[in-house]
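Trainee: requesting a structural model of the entry that follows:
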Amino acid sequence: VKNNMPKIYEKTAKISMISDWVLAKLSNTIAADPSNAGTTGIFSLKSRDWEPQMAAKIGLKSDIFPKVYESGAIIGEVTKEAANETGLKTGTPVVMGGGDVQLGCAGLGVVKANQVAILGGTFWQQLVNMDRVASHPDMDIRVNPHVIKGLSQAEGITFFSGLIMRWFRDTFCQSEKAEALKTGVDAYTIMEKKASSVPAGSYGILPIFSDKMHYGK
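Mentor: You can find the predicted model right below:
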């Protein structure tokens, strides 16, 4: 925005994560939570707050960061305008949310140090809870704040897992698809059963499906 829309950049008073947009529309409060704000690289894992001096170092405004609320905190109320548009009751509390996998971990009960979770969806993410501030020296594994105060999470990501599984099935698993039609067992179930007999490390085969964050295993 600064480089390509300088007039808009100069007018910018506050920024927030895209996930906070609905909260701003409901409550007229621009805010952020640690688990999403931490992905910007302008955020402290220790203080769970913005690091404006980091923005200043790269020539960005340092006074445009909104107040940070922990997940579950009330940030405001549904405004009259929002109530008219949504049917919600004016004055309904608006509560800060959090990152998708971080909230997923909370839902799974992965809320203590050293606990691990794997969540699969558009991406496949493995997370490890840490009660200390740490980062990967080569930035190969990103570390974000958890929605649980006092914890951060090391996060490894595989991209487009569902699409990759479908591509693999359709490209290499014709016999499994035929078996699925014959037996009524889903082809993916058959694939998973066969994959379970492959030793860890897959005989040294390393699939590479993305040029972002290096690769997906």
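Trainee: quick one: low-confidence parts of this structure?
Mentor: 210-217 (pLDDT under 70).
Trainee: what about the helices in it?
Mentor: Across the chain, reading from the start of the chain, the helices by DSSP state H fall at 6-11, 21-27, 34-37, 52-57, 80-86, 100-108, 161-172, 174-183, 187-195.
Trainee: and the third one, how far out from the chain middle?
Mentor: Distance, stretch centre to chain centre, for helix 34-37: 9 Å (Cα atoms, centre = their mean, to the nearest Å).
Trainee: which residues does that helix contact?
Mentor: Applying Cβ atoms under 8 Å, 6 or more residues apart in numbering, the set of residues contacting helix 34-37 from outside is 17, 19-20, 43, 48-50, 68, 70-71, 98-99, 102-103, 144-147. Heads up, the C-betas are built off the backbone N, CA and C, glycines and all.
Trainee: quick check: buried residues in that helix?
Mentor: For helix 34-37, burial by neighbour count (16 or more other Cβ atoms under 10 Å) applies to Pro34, Ser35, Asn36, Ala37.
Trainee: cool, stretch 170-181 as well?
Mentor: Across stretch 170-181, burial judged by 16+ other Cβ under 10 Å covers Cys173, Glu176, Ala180.
Trainee: got it, and stretch 158-169?
Mentor: Thr158, Phe159, Ser161, Ile164, Met165, Arg169.
Trainee: mind picking the two most distant members of these?
Mentor: In the buried residues of stretch 158-169, two members sit farther apart than any others by Cβ to Cβ. They are Phe159 and Arg169, at 17.5 Å.
Trainee: redo the helices of the chain as JSON lines? Include distance to Ala134.
Mentor: Converted to JSON lines, the helices of the chain look like this (distance: least, Cβ to Cβ, whole Å):
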{"stretch": "helix 6-11", "distance to Ala134": "34"}
{"stretch": "helix 21-27", "distance to Ala134": "30"}
{"stretch": "helix 34-37", "distance to Ala134": "16"}
{"stretch": "helix 52-57", "distance to Ala134": "18"}
{"stretch": "helix 80-86", "distance to Ala134": "40"}
{"stretch": "helix 100-108", "distance to Ala134": "17"}
{"stretch": "helix 161-172", "distance to Ala134": "26"}
{"stretch": "helix 174-183", "distance to Ala134": "42"}
{"stretch": "helix 187-195", "distance to Ala134": "32"}
